[in-house]
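*Asks:* Predicted structure and sequence below. I'll ask about it afterward.
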Amino acid sequence: MQIVIFGAPGAGKGTQAKILSKRFNIPHISTGDILRDSVARATALGNAAKEIIESGELVSDDLMGGLVKETLQNIDFDKGFILDGFPRTVNQAEILLNIFESLKINNPYFIVLEADHEVIVSRLSSRRECSNCRAIVNLHDIEDPKVYPNCEAIDTLMKRKDDDEVVIMNRLKIYDDSTLPILNFYRDKFNIISVDGTDSIDEITNNILFAIEGAA
Ligand code: AP5
Ligand code: MG
């Protein structure tokens, strides 16, 4: 099961990718998570990317293309993966086509989560991430804003620096200007599956599974 999950910041890519990753027992490759881990560990990549991520800008295509190529080469891609956060520019979309071609990855599922800006701003302003188990939650769904009930560790819920409202607006603009054009570029190359990202988490998962079965 080879899946690319695509959509605006806050559309729910990470939430659905984690569910699908467990369900199909395939790795979740999130370029955002890889970059944030690198920042936390202060690696060369992390130090180069820190300010860019925190301002909501995009890390360079060359750096990201190399990172994704290396990551895909080092997993059992025949068994499957779910790629979240790449591609984000038409140039990255071309890089990904080349990577798929060189690794003989044919016909991955390309899932687009659709959500309007209003829903996204509300979701991202109240998103928290558990720094221990990496779960993504929303303050609307939990009682204590510091404790993720499914994790043993306490006081681990953190707000991402790029979930500040000004940065969210910048990320959305970049998505509209640089990332959305990928859909036109891929239209005749992949079977694009669009799913309403404003439904409940469970409904979205079911719709993705239904669409995947239909496309199989
Ligand atoms: P990245 O980490 O990829 O961030 P993003 O694309 O902006 O997306 P998010 O992670 O913010 O949102 P999401 O769609 O995963 O939503 P989530 O499931 O969390 O990238 C971060 C940065 O890294 C970039 O800005 C850039 O700087 C850099 N970067 C990464 N990849 C790059 C690349 N390829 N090239 C260049 N730079 C790159 O959900 C959001 C919230 O909504 C959560 O609170 C969740 O609980 C809630 N929620 C989810 N689904 C639902 C639902 N159905 N109903 C109600 N609430 C929901
Ligand atoms: Mg995410």
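*Replies:* That came in fine, so what should we check first? Numbering: from 1, shown residues only. Ligands and ions are numbered 1, 2, ... in the order given.
*Asks:* Ile3: what secondary structure?
*Replies:* strand (DSSP: H, G, I helix; E, B strand; the rest coil).
*Asks:* How about the chain: which residue is closest to ligand 1?
*Replies:* For the chain, the residue closest to ligand 1 is Gly32, as judged by CB to the nearest ligand atom, at 1.8 Å. Any C-beta I mention is one placed from the backbone N, CA and C, and that applies to glycine too.
*Asks:* burial of that residue, as a residue count?
*Replies:* Residues near Gly32, counting by other CB atoms under 10 Å, number 18.
*Asks:* Just the C-alpha atoms of the strand or helix carrying Glu118, please, in CSV.
*Replies:* Assigned by DSSP states H and E, Glu118 belongs to helix 117-125. In CSV, the C-alpha atoms belonging to helix 117-125 read as follows (Å, rounded to 0.1, in the frame of the first residue of the first chain):
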residue,chain,number,x,y,z
HIS,A,117,-9.2,28.1,5.5
GLU,A,118,-11.7,28.9,8.2
VAL,A,119,-11.8,25.3,9.5
ILE,A,120,-8.0,25.1,9.2
VAL,A,121,-7.3,28.2,11.2
SER,A,122,-9.6,27.0,14.0
ARG,A,123,-8.0,23.5,14.1
LEU,A,124,-4.4,24.7,14.0
SER,A,125,-4.9,27.3,16.7
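*Asks:* Any part of that helix near ligand 1?
*Replies:* Yes. Contact of helix 117-125 with ligand 1 (CB under 6 Å from any ligand atom) involves 123-124.
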